[in-house]
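Asks: Here is my input, please return the structure:
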Amino acid sequence: MRNPKVHILFDFVDSSWGGGNQFLKSIKRYLIRNNLYSDNIHKADIVLINSHHKIFEAIKTKIKNPEMIFVHRIDGPIRYHRKDGKLLDRIIFKYNKILTSGTIFQSQFSKNESILNGINMYGQISAVITNAPDDEIFYKNNHEISSKIRLISTSWSSNLMKGFDTYEWLDKNLDFDKYEMVFIGNSPIKFKNIIHIPPVSSLDLADFLRKSDIFIFASKVESCSNSLLEALHCGLPVVAFNGSSNPEIVKQGGLLFDYPEEIPGLLKDMELNYKIFQDRISVYSLSQIGEKYYNLMLDSYKRKKKIRVITALSLMFLVAHRLLLRAFIKLSSKTRV
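Replies: Below you'll find the predicted structure:
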(Lines give C-alpha, C1' and ligand atoms only; values in the text may rest on other atoms or scores of the structure.)
Protein backbone atom coordinates (compact mmCIF):
# COMPACT_ATOMS: atom_id res chain seq x y z
CA MET A 1 0.00 0.00 0.00
CA ARG A 2 1.47 3.34 -1.07
CA ASN A 3 1.94 6.22 1.32
CA PRO A 4 -0.49 9.13 0.84
CA LYS A 5 1.06 11.95 -1.18
CA VAL A 6 1.12 15.60 -0.15
CA HIS A 7 0.83 18.74 -2.27
CA ILE A 8 1.80 22.15 -0.84
CA LEU A 9 -0.51 24.82 -2.23
CA PHE A 10 1.79 27.83 -2.24
CA ASP A 11 3.42 30.21 -4.74
CA PHE A 12 7.07 29.41 -4.11
CA VAL A 13 9.74 32.01 -4.81
CA ASP A 14 13.19 30.69 -5.71
CA SER A 15 15.11 33.58 -4.15
CA SER A 16 15.11 34.52 -0.46
CA TRP A 17 11.56 35.74 0.22
CA GLY A 18 10.20 35.61 3.73
CA GLY A 19 10.31 32.92 6.38
CA GLY A 20 7.19 31.03 5.27
CA ASN A 21 8.53 30.66 1.74
CA GLN A 22 11.91 29.44 2.98
CA PHE A 23 10.45 26.93 5.42
CA LEU A 24 7.87 25.50 3.03
CA LYS A 25 10.60 25.03 0.41
CA SER A 26 12.50 22.99 2.99
CA ILE A 27 9.44 20.87 3.83
CA LYS A 28 8.81 20.32 0.12
CA ARG A 29 12.40 19.08 -0.33
CA TYR A 30 11.94 16.71 2.62
CA LEU A 31 8.73 15.27 1.14
CA ILE A 32 10.30 14.88 -2.31
CA ARG A 33 13.34 13.10 -0.85
CA ASN A 34 11.01 10.64 0.88
CA ASN A 35 8.75 10.11 -2.16
CA LEU A 36 5.82 11.69 -0.34
CA TYR A 37 5.15 14.68 -2.63
CA SER A 38 2.84 15.18 -5.59
CA ASP A 39 3.37 18.11 -7.96
CA ASN A 40 -0.23 17.66 -9.17
CA ILE A 41 -2.77 18.80 -6.57
CA HIS A 42 -5.47 16.61 -8.13
CA LYS A 43 -3.35 13.49 -7.68
CA ALA A 44 -2.47 14.30 -4.07
CA ASP A 45 -4.23 12.78 -1.06
CA ILE A 46 -3.45 15.66 1.31
CA VAL A 47 -3.04 19.38 0.64
CA LEU A 48 -1.00 21.59 2.95
CA ILE A 49 -2.10 25.23 2.89
CA ASN A 50 -0.39 28.19 4.54
CA SER A 51 -2.26 31.03 6.25
CA HIS A 52 -4.43 32.80 3.63
CA HIS A 53 -2.29 31.97 0.60
CA LYS A 54 -3.95 30.38 -2.47
CA ILE A 55 -7.18 30.07 -0.51
CA PHE A 56 -9.50 30.33 -3.53
CA GLU A 57 -7.70 27.54 -5.33
CA ALA A 58 -8.09 25.49 -2.15
CA ILE A 59 -11.83 26.22 -2.09
CA LYS A 60 -12.23 25.20 -5.76
CA THR A 61 -10.33 21.98 -5.12
CA LYS A 62 -12.47 21.19 -2.07
CA ILE A 63 -15.70 21.77 -4.02
CA LYS A 64 -14.54 19.45 -6.83
CA ASN A 65 -13.22 16.84 -4.41
CA PRO A 66 -15.00 17.03 -1.03
CA GLU A 67 -12.99 14.10 0.32
CA MET A 68 -9.66 15.86 -0.19
CA ILE A 69 -7.89 16.34 3.14
CA PHE A 70 -6.57 19.82 3.89
CA VAL A 71 -4.07 20.63 6.64
CA HIS A 72 -3.59 24.28 7.58
CA ARG A 73 -0.32 25.84 8.73
CA ILE A 74 -1.28 28.91 10.78
CA ASP A 75 1.02 31.90 10.34
CA GLY A 76 -0.01 34.32 13.04
CA PRO A 77 -2.03 35.82 14.57
CA ILE A 78 -1.29 38.48 11.99
CA ARG A 79 -3.02 41.29 13.91
CA TYR A 80 0.12 41.99 15.94
CA HIS A 81 2.21 43.22 13.02
CA ARG A 82 -0.26 44.38 10.32
CA LYS A 83 -2.86 47.13 10.42
CA ASP A 84 -5.35 44.92 8.58
CA GLY A 85 -4.48 41.92 10.72
CA LYS A 86 -7.64 41.64 12.83
CA LEU A 87 -9.95 41.21 9.87
CA LEU A 88 -7.47 38.99 8.06
CA ASP A 89 -7.18 36.74 11.13
CA ARG A 90 -10.98 36.41 11.24
CA ILE A 91 -11.02 35.36 7.60
CA ILE A 92 -8.16 32.87 8.10
CA PHE A 93 -9.88 31.34 11.12
CA LYS A 94 -13.15 31.04 9.17
CA TYR A 95 -11.44 29.23 6.30
CA ASN A 96 -9.70 26.99 8.83
CA LYS A 97 -13.08 25.92 10.18
CA ILE A 98 -14.58 25.36 6.72
CA LEU A 99 -11.72 23.61 4.95
CA THR A 100 -9.31 21.80 7.19
CA SER A 101 -9.02 18.50 9.02
CA GLY A 102 -5.74 19.36 10.75
CA THR A 103 -4.01 22.51 11.99
CA ILE A 104 -0.32 23.12 12.60
CA PHE A 105 0.85 25.96 14.83
CA GLN A 106 4.48 27.05 14.68
CA SER A 107 4.76 27.70 18.42
CA GLN A 108 2.79 27.45 21.63
CA PHE A 109 2.60 31.25 21.55
CA SER A 110 0.90 31.12 18.14
CA LYS A 111 -1.57 28.47 19.28
CA ASN A 112 -2.46 30.27 22.52
CA GLU A 113 -2.95 33.61 20.79
CA SER A 114 -4.98 32.08 17.95
CA ILE A 115 -7.33 30.42 20.44
CA LEU A 116 -7.58 33.67 22.39
CA ASN A 117 -8.51 35.50 19.20
CA GLY A 118 -11.20 33.09 18.09
CA ILE A 119 -9.92 30.09 16.13
CA ASN A 120 -12.24 27.08 16.50
CA MET A 121 -10.63 23.71 15.71
CA TYR A 122 -13.54 21.51 16.78
CA GLY A 123 -13.18 18.07 15.19
CA GLN A 124 -9.64 18.71 13.98
CA ILE A 125 -6.27 17.25 14.81
CA SER A 126 -3.84 19.98 15.86
CA ALA A 127 -0.23 20.20 16.98
CA VAL A 128 2.55 22.67 17.72
CA ILE A 129 5.45 22.01 15.34
CA THR A 130 8.28 24.52 15.03
CA ASN A 131 9.98 25.40 11.77
CA ALA A 132 13.40 24.14 10.71
CA PRO A 133 15.79 25.29 8.00
CA ASP A 134 17.42 22.98 5.47
CA ASP A 135 20.25 21.39 7.46
CA GLU A 136 22.22 20.72 4.30
CA ILE A 137 22.65 24.51 4.18
CA PHE A 138 22.36 25.65 7.80
CA TYR A 139 24.67 23.52 9.94
CA LYS A 140 27.05 24.03 12.85
CA ASN A 141 30.65 25.09 12.62
CA ASN A 142 31.57 25.58 16.28
CA HIS A 143 34.57 27.80 16.84
CA GLU A 144 36.20 29.90 19.51
CA ILE A 145 34.81 33.38 19.93
CA SER A 146 36.69 35.98 17.89
CA SER A 147 39.01 38.54 19.53
CA LYS A 148 36.83 41.27 17.99
CA ILE A 149 33.42 39.75 18.53
CA ARG A 150 31.34 39.38 15.38
CA LEU A 151 27.65 40.12 15.83
CA ILE A 152 25.03 39.49 13.18
CA SER A 153 21.31 40.15 12.68
CA THR A 154 19.07 39.27 9.75
CA SER A 155 15.59 40.14 8.53
CA TRP A 156 13.98 39.79 5.13
CA SER A 157 11.16 42.12 6.23
CA SER A 158 11.67 45.83 6.86
CA ASN A 159 8.59 46.00 9.12
CA LEU A 160 9.43 48.19 12.12
CA MET A 161 8.12 45.45 14.42
CA LYS A 162 11.18 43.43 13.44
CA GLY A 163 13.07 45.37 16.11
CA PHE A 164 14.69 48.18 14.17
CA ASP A 165 14.47 50.52 17.16
CA THR A 166 16.88 48.13 18.92
CA TYR A 167 19.22 47.94 15.92
CA GLU A 168 19.20 51.73 15.72
CA TRP A 169 20.10 51.94 19.43
CA LEU A 170 22.96 49.46 18.92
CA ASP A 171 24.20 51.43 15.92
CA LYS A 172 24.52 54.50 18.14
CA ASN A 173 25.67 52.95 21.44
CA LEU A 174 27.53 49.69 20.85
CA ASP A 175 31.30 49.68 21.49
CA PHE A 176 32.52 49.15 17.93
CA ASP A 177 36.13 48.91 19.08
CA LYS A 178 35.13 45.65 20.74
CA TYR A 179 32.37 44.50 18.39
CA GLU A 180 31.77 44.25 14.68
CA MET A 181 28.13 44.00 13.62
CA VAL A 182 26.56 43.02 10.32
CA PHE A 183 22.88 43.32 9.38
CA ILE A 184 21.74 41.24 6.39
CA GLY A 185 18.37 41.92 4.80
CA ASN A 186 16.04 44.85 4.24
CA SER A 187 16.15 47.80 6.61
CA PRO A 188 14.01 50.96 6.85
CA ILE A 189 16.88 52.82 8.55
CA LYS A 190 20.40 53.75 7.50
CA PHE A 191 23.20 52.54 9.74
CA LYS A 192 26.37 54.47 10.52
CA ASN A 193 28.39 51.75 12.24
CA ILE A 194 26.54 48.52 11.53
CA ILE A 195 27.48 47.02 8.16
CA HIS A 196 24.32 46.63 6.07
CA ILE A 197 24.25 43.89 3.41
CA PRO A 198 21.14 43.46 1.21
CA PRO A 199 19.35 40.08 1.15
CA VAL A 200 21.54 37.19 0.01
CA SER A 201 20.94 33.57 -0.95
CA SER A 202 20.48 30.93 1.74
CA LEU A 203 23.91 29.48 0.97
CA ASP A 204 25.60 32.86 1.39
CA LEU A 205 23.55 33.66 4.50
CA ALA A 206 24.58 30.40 6.15
CA ASP A 207 28.22 31.20 5.38
CA PHE A 208 27.87 34.64 6.98
CA LEU A 209 26.27 33.07 10.07
CA ARG A 210 29.01 30.46 10.52
CA LYS A 211 31.66 33.21 10.34
CA SER A 212 29.90 35.14 13.13
CA ASP A 213 29.93 34.68 16.91
CA ILE A 214 26.59 35.89 18.32
CA PHE A 215 23.19 36.44 16.75
CA ILE A 216 21.13 39.42 17.91
CA PHE A 217 17.41 39.07 17.34
CA ALA A 218 15.18 42.02 18.22
CA SER A 219 11.86 41.18 16.52
CA LYS A 220 8.90 41.94 18.76
CA VAL A 221 6.29 39.44 17.56
CA GLU A 222 7.07 36.12 15.88
CA SER A 223 5.06 32.94 15.41
CA CYS A 224 8.36 31.10 14.95
CA SER A 225 11.24 32.98 13.39
CA ASN A 226 13.17 31.27 10.59
CA SER A 227 15.97 33.82 11.01
CA LEU A 228 16.35 32.79 14.63
CA LEU A 229 16.34 29.09 13.80
CA GLU A 230 18.85 29.52 10.98
CA ALA A 231 21.29 31.15 13.40
CA LEU A 232 20.79 28.47 16.05
CA HIS A 233 21.26 25.71 13.47
CA CYS A 234 24.57 27.34 12.51
CA GLY A 235 25.68 27.10 16.15
CA LEU A 236 25.31 30.76 17.13
CA PRO A 237 24.24 31.61 20.67
CA VAL A 238 21.49 34.22 20.61
CA VAL A 239 20.64 37.47 22.38
CA ALA A 240 16.92 37.85 21.68
CA PHE A 241 13.98 40.06 22.59
CA ASN A 242 11.98 38.55 25.43
CA GLY A 243 8.60 38.25 23.78
CA SER A 244 6.16 36.14 21.71
CA SER A 245 7.67 32.78 20.65
CA ASN A 246 11.31 33.82 21.05
CA PRO A 247 11.87 32.29 24.53
CA GLU A 248 10.50 28.88 23.51
CA ILE A 249 12.74 28.83 20.40
CA VAL A 250 15.94 30.09 22.08
CA LYS A 251 15.52 27.93 25.21
CA GLN A 252 18.95 27.58 26.88
CA GLY A 253 20.89 28.58 23.77
CA GLY A 254 20.91 32.29 24.52
CA LEU A 255 19.87 35.22 26.68
CA LEU A 256 16.79 37.44 26.57
CA PHE A 257 16.39 41.21 26.87
CA ASP A 258 13.45 43.51 27.50
CA TYR A 259 15.24 46.76 26.66
CA PRO A 260 18.18 47.40 24.28
CA GLU A 261 20.19 48.95 27.12
CA GLU A 262 20.51 45.42 28.58
CA ILE A 263 22.29 44.04 25.52
CA PRO A 264 25.90 45.12 26.26
CA GLY A 265 25.79 43.37 29.65
CA LEU A 266 24.29 40.23 28.11
CA LEU A 267 26.99 40.20 25.44
CA LYS A 268 29.67 40.36 28.13
CA ASP A 269 28.05 37.44 29.98
CA MET A 270 27.86 35.44 26.76
CA GLU A 271 31.48 36.19 25.91
CA LEU A 272 32.60 34.79 29.29
CA ASN A 273 30.47 31.64 28.90
CA TYR A 274 30.51 31.24 25.13
CA LYS A 275 31.16 27.48 24.93
CA ILE A 276 28.45 26.80 27.52
CA PHE A 277 25.85 28.66 25.44
CA GLN A 278 27.00 26.90 22.27
CA ASP A 279 26.58 23.51 23.93
CA ARG A 280 23.10 24.41 25.20
CA ILE A 281 21.68 25.07 21.73
CA SER A 282 18.83 22.63 21.10
CA VAL A 283 16.99 22.50 17.78
CA TYR A 284 15.10 19.93 15.73
CA SER A 285 16.51 18.80 12.39
CA LEU A 286 14.53 19.24 9.19
CA SER A 287 14.04 15.46 9.05
CA GLN A 288 12.52 15.48 12.53
CA ILE A 289 10.22 18.39 11.70
CA GLY A 290 9.32 16.89 8.32
CA GLU A 291 8.38 13.63 10.03
CA LYS A 292 6.22 15.49 12.56
CA TYR A 293 4.45 17.33 9.71
CA TYR A 294 3.82 14.17 7.72
CA ASN A 295 2.62 12.22 10.75
CA LEU A 296 0.01 14.87 11.57
CA MET A 297 -1.11 15.00 7.93
CA LEU A 298 -1.26 11.20 7.84
CA ASP A 299 -3.35 11.10 11.03
CA SER A 300 -5.75 13.63 9.49
CA TYR A 301 -5.95 11.53 6.34
CA LYS A 302 -6.58 8.26 8.17
CA ARG A 303 -9.35 9.68 10.28
CA LYS A 304 -11.31 11.11 7.36
CA LYS A 305 -14.00 11.37 9.98
CA LYS A 306 -16.00 14.45 9.11
CA ILE A 307 -15.74 15.36 5.46
CA ARG A 308 -15.87 19.11 5.58
CA VAL A 309 -18.59 19.83 3.04
CA ILE A 310 -18.87 23.48 2.10
CA THR A 311 -22.43 24.54 2.88
CA ALA A 312 -24.47 27.20 1.11
CA LEU A 313 -23.93 29.51 4.06
CA SER A 314 -20.18 28.97 3.82
CA LEU A 315 -20.28 29.71 0.11
CA MET A 316 -22.09 32.96 0.82
CA PHE A 317 -19.28 33.85 3.22
CA LEU A 318 -16.65 33.03 0.61
CA VAL A 319 -18.32 35.13 -2.08
CA ALA A 320 -18.83 38.07 0.30
CA HIS A 321 -15.14 38.13 1.18
CA ARG A 322 -13.72 37.20 -2.21
CA LEU A 323 -12.70 40.68 -3.34
CA LEU A 324 -11.52 41.68 0.13
CA LEU A 325 -9.34 38.61 0.53
CA ARG A 326 -7.86 39.01 -2.94
CA ALA A 327 -6.82 42.51 -1.93
CA PHE A 328 -5.19 41.09 1.20
CA ILE A 329 -3.38 38.44 -0.81
CA LYS A 330 -2.10 41.03 -3.27
CA LEU A 331 -0.88 43.18 -0.40
CA SER A 332 0.72 40.27 1.43
CA SER A 333 2.70 39.30 -1.67
CA LYS A 334 4.44 42.67 -1.35
CA THR A 335 4.75 42.75 2.45
CA ARG A 336 5.47 39.20 3.60
CA VAL A 337 7.10 38.98 7.04
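
Asks: Tell me how many other residues surround Gly19.
Replies: When neighbours are counted by other CB atoms under 10 Å, Gly19 registers 26. Just so you know, the C-beta spots here come from the backbone N, C-alpha and C atoms, and that holds for glycine as well.

Asks: Setting the sequence-adjacent residues aside, check what's closest to it.
Replies: Asn226 (3.5 Å; CB to CB, 6 or more residues apart in numbering).

Asks: who touches that neighbour in this structure?
Replies: Applying CB atoms under 8 Å, 6 or more residues apart in numbering to Asn226 gives the contacts Gly19, Gln22, Phe23, Asn131, Pro133.

Asks: Checking the last one next. Helix, strand or coil?
Replies: This means Pro133. Secondary structure, DSSP: H, G, I helix; E, B strand; the rest coil: Pro133 is coil.

Asks: Could you give the number of residues near it?
Replies: By the measure other CB under 10 Å, the count of residues near Pro133 is 28.

Asks: what do you get for Ile194?
Replies: Ile194 is flanked by 23 other residues according to other CB under 10 Å.

Asks: for the chain, what are the low-confidence residue spans?
Replies: For the chain, applying pLDDT under 70 flags the ranges 15-17, 305-337.

Asks: Please enumerate the strands of it.
Replies: 6-9, 46-50, 69-74, 102-105, 125-128, 149-155, 179-185, 195-197, 214-217, 238-241, 254-257 (DSSP state E).

Asks: returning to that earlier point: now tabulate the contacts of Asn226 in JSON lines and tack on distance to Thr61.
Replies: JSON lines is the format used below for these (distance: CB to CB, whole Å):
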{"residue": "Gly19", "distance to Thr61": "25"}
{"residue": "Gln22", "distance to Thr61": "25"}
{"residue": "Phe23", "distance to Thr61": "22"}
{"residue": "Asn131", "distance to Thr61": "25"}
{"residue": "Pro133", "distance to Thr61": "29"}
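
Asks: now Tyr244: how far from Ile98?
Replies: Careful, residue 244 is Ser; it's not Tyr. Between Ser244 and Ile98 the computed distance is 28 Å (CB to CB, to the nearest Å).

Asks: Not including adjacent chain positions, what is the nearest residue to Asn120?
Replies: Lys97 (5.5 Å).
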